[in-house]
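K.L.:
Give me a 3D structure for the following:
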Amino acid sequence: MNQDDLCLLLRGLTPVEWLARREAFYARAFGPLRQPAVYHFEDDGHPHIDVYVIAPTPARPHLTLVTGGMADRAQPVRPSIPPRIEILTYTEAGEADLSRLAIILRELASLPFLHGVHLAPGVLVRGSRPILSGSTLSHAALTADVTPAEPFLVDGGEEVRFLLVEFVAESELAHGVAHGGDRLAALLREKDVSPVLRPARPAVV
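P.N.:
Numbers count the residues shown, from 1 in each chain. Purely as a prediction, here's the structure:
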């Protein structure tokens, strides 16, 4: 039994029951799970993080990739930083690119637990290479809190916050470093950059 399973049993839920609760919430909050619905990663990390794929809906005519498992453990926090989070991204990427995006999202989700950093709106994360072949977008920006109106609660009644990840070019990352991640997020909206990932989009600065 790993540490995640022990935590679930202490809540009075088996791992299968907890997964069912999470997946039912995701279906209500974001839309129906696509089939196959989840990228499972075969490790025993604490927390164990997978990535779910939400099918397009009339309200969200694109795929949504959202982590499942980050919130099982509180991230290192500072004042005003939400301790329990999951991250998500919107995409129109093709089927061949989804697994790569799922890996990237999971790598980002693991940062608080592997390196003791925190993730919150305004945080920028430097990447090492383009997210997808042919794209100039290499870096990640957490641009907004997109938590659904219905709360998703974990240990002790803590609410999970859901944070949007957008991918940005080198010049956009530099702008964010110079002026702040919140200002970069505002600039993307001012320039009418869709929050839905389009890997071939040009940089706006």
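K.L.:
next one: whichever helix in the chain runs longest to chain centre, how far?
P.N.:
Counting by DSSP state H, the longest helix found in the chain is helix 95-115. With Cα atoms, centre = their mean, to the nearest Å as the basis, helix 95-115 stands 8 Å off its chain's centre.
K.L.:
Can you name the residues in contact with that helix?
P.N.:
Here helix 95-115 makes contact (Cβ atoms under 8 Å, 6 or more residues apart in numbering) with 39, 41, 45-47, 49-51, 53, 63, 65, 67, 69-70, 73, 75-76, 86-89, 91, 93, 117-119, 125, 127, 131-132, 140, 165, 197, 199. For the C-beta atoms, the positions are set from N, CA and C on the backbone; glycine is no exception.
K.L.:
how about the spatially most central residue of the chain, what does it touch?
P.N.:
The centre of the chain sits closest to residue 87, judged by Cα atoms, centre = their mean, with a distance of 2.0 Å. Applying Cβ under 8 Å, 6+ apart to residue 87 gives the contacts 66-67, 70, 105, 108-109, 119, 142, 162-165.
K.L.:
repeat for residue 165
P.N.:
87-89, 105, 108, 140-143 are the contacts of residue 165 under Cβ under 8 Å, 6+ apart.
K.L.:
could I get these as a markdown table with secondary structure?
P.N.:
Formatted as a markdown table, the contacts of residue 165 follow (DSSP: H, G, I helix; E, B strand; the rest coil):
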| residue | secondary structure |
| --- | --- |
| 87 | strand |
| 88 | strand |
| 89 | strand |
| 105 | helix |
| 108 | helix |
| 140 | strand |
| 141 | strand |
| 142 | strand |
| 143 | strand |
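K.L.:
Counting neighbours, which of those residues comes out on top?
P.N.:
Sorting the contacts of residue 165 by how many neighbours each has (other Cβ atoms under 10 Å) puts residue 89 first, at 27 neighbours.
K.L.:
I'd guessed that one sits against residue 198; true?
P.N.:
No. With contact defined as Cβ atoms under 8 Å, residue 89 does not reach residue 198; the gap is 11.9 Å.
K.L.:
which one of the contacts of residue 165 sits closest to residue 158?
P.N.:
residue 87 (16.6 Å; Cβ to Cβ).
K.L.:
Identify the bridge partners of that closest one.
P.N.:
Residue 87 has these beta-bridge partners by DSSP bridges: residue 163.
K.L.:
Quickly note the distance from it to residue 193.
P.N.:
In this view, residue 87 and residue 193 are 19 Å apart by Cβ to Cβ, to the nearest Å.
K.L.:
still on that earlier bit, could you dump the contacts of residue 87 into JSON lines with distance to residue 150 added?
P.N.:
JSON lines is the format used below for the contacts of residue 87 (distance: Cβ to Cβ, whole Å):
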{"residue": "66", "distance to residue 150": "14"}
{"residue": "67", "distance to residue 150": "18"}
{"residue": "70", "distance to residue 150": "18"}
{"residue": "105", "distance to residue 150": "22"}
{"residue": "108", "distance to residue 150": "24"}
{"residue": "109", "distance to residue 150": "22"}
{"residue": "119", "distance to residue 150": "22"}
{"residue": "142", "distance to residue 150": "22"}
{"residue": "162", "distance to residue 150": "11"}
{"residue": "163", "distance to residue 150": "17"}
{"residue": "164", "distance to residue 150": "17"}
{"residue": "165", "distance to residue 150": "21"}
